[in-house]
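> Need the 3D shape of this:
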Amino acid sequence: MLGNHSKPTRNRNPSPFAADASRANARPRRARAPLRRLRGACAALIVLLVGMAFSLAVAGAPASPNIRLEVHNHASSGSDGFTNTTASNGATYSYRYSGGEGNGGDVIFRSRGQVTVNVNLSDASDYAIDDVSFTGDSHNQLSWISSGQASSNAVIQDKNDQLQTAQYKVTVRDNNADVSVPCDPMIANRG
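Here you go, the predicted structure:
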């Protein structure tokens, strides 16, 4: 005989300890099915979460509006769309906002998420934005990001995480007469 070709023999009376050891090292087939289901559920959850994050990024915060503010050093004619206001020296000035809700500078947000409202003066040579203040901001939603000096642009930050209706007042300085001119539309955070 050239080699041992006999089949290995099976121990017909194994020790009870040997059976426990072989079971501990073996992978039961039944455990694979729940593991596959768990992997499938995790993959589905990841797809769901990624989809939710994408939809929040797409439909989350509302767009940041750009508002234009025109100021004149005389009263409105009544039909020109300007609103009369009284300057710090008692003179009648007029202003008109364009952009925003109804093209009058009012801003209404119907979804949540921080937004920036940009207010730009149309005539930066004669006027400059001196101040931005707020009324009705009971939830501290609004803030003015000041550049520290008068400019032709005001940046208003709205947290927009609470329902409220407030007003912002842009105070413009007439560079020629050195007077302040108040101009005040509305910001509303609605559900």
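> For burial, what's the neighbour tally of the nearest residue to N176 once chain neighbours are set aside?
Counting by C-beta to C-beta, 6 or more residues apart in numbering, D126 is the residue found nearest to N176 once chain neighbours are left out, at 5.9 Å. No exception for glycine: its C-beta is placed from N, CA and C like everyone else's. Using other C-beta atoms under 10 Å, D126 has 16 neighbouring residues.
> for D178, same thing?
D178 has 9 nearby residues by other C-beta under 10 Å.
> Repeat that for N176.
10.
> For it, grab phi and psi.
phi -80, psi -40 (degrees, to the nearest 10).
> now the helices: where do they sit in this protein?
Secondary structure of the chain by DSSP state H: the helices cover 16-25, 32-59.
> looking at it, the residue nearest to N176 is touching D178, isn't it?
No. The pair D126 / D178 is not scored as a contact, 11.6 Å apart, by C-beta atoms under 8 Å.
> Could you pull out the residues contacting both of the two?
Applying C-beta atoms under 8 Å, 6 or more residues apart in numbering, one finds that no residue jointly contacts D126 and D178.
> how about the nearest residue to T86, chain neighbours excluded?
T92 (6.3 Å).
> Isn't that neighbour up against A75?
Yes. At 4.4 Å, T92 counts as touching A75 under the criterion of C-beta under 8 Å.
> Please enumerate the shared neighbours of these two.
By C-beta under 8 Å, 6+ apart, the residues touching both T92 and A75 are N84.
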